[in-house]
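Peer 1: Quick check, what structure comes out for this input:
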Amino acid sequence: MAVNFTLNGKPASADVDPSTPILWTLRDTLGLTGTKFGCGMALCGACTVYLNGQAIRSCVTPISAAEGQQISTIEAQATDRVGKAVEDAWVRHDVAQCGYCQSGQIMSAAALLKSNRTPTDADIDGAMAGNICRCGTYARIRTAIHDAARSLAS
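Peer 2: This next block holds a predicted model:
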């Protein structure tokens, strides 16, 4: 059964079982491998994408939920003002160590800055709490988010 949706601003369709998680549709069917598999239980945040602008865990969300909806992935962040600011701050602050979790981290950070352009440390900690970094780069992540917020303000 074909599921039709908008992917990174373009019409898309995937002929998959409607219960297939968005993550596997993106990676295996559509070849977008920026979104990562981490835990498969919506606990680590590595699979974070946007569905209609809201950050979701794509490992547990069936592709049927995207019928007629909009999905945005890490591949599109460079074309978004907030996403680009976050990506640039990530590079400036050398956030990534192994890098595996970073697409989910960036998606969550950008979602935060879209709703709160002046986050406190507590705001950042709350918004990023569902994203696990096994390398422990949390201090650099927080610094990069503050930096991205300042760059968006100027």
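Peer 1: domains of this structure?
Peer 2: Listed by automatic domain parsing, the domain ranges of the chain are 2-73, 80-153.
Peer 1: Turn these into TSV, including mean neighbour count and mean pLDDT.
Peer 2: All C-beta atoms are positioned from the backbone trio N, CA, C, and that covers glycine. Listed next are these as TSV, based on neighbours: other CB atoms under 10 Å; pLDDT from 0 to 100:
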stretch	mean neighbour count	mean pLDDT
domain 2-73	18	98
domain 80-153	19	97
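Peer 1: residues in contact with the helix or strand in which A110 is found?
Peer 2: Element membership of A110, judged by DSSP states H and E, is helix 102-115. With CB atoms under 8 Å, 6 or more residues apart in numbering as the test, helix 102-115 has contacts from 34-36, 38, 44-50, 53-55, 73-74, 77, 80, 82-83, 85-87, 90, 95-96, 119, 123-124, 127-128, 130-131, 133, 141, 144-145, 148-149, 152.
Peer 1: Stretch 5-24 too?
Peer 2: Residues outside stretch 5-24 that contact it (CB under 8 Å, 6+ apart): 1-4, 25, 29-30, 32, 35, 37, 47, 49, 51, 56, 58-73, 75-76, 79.
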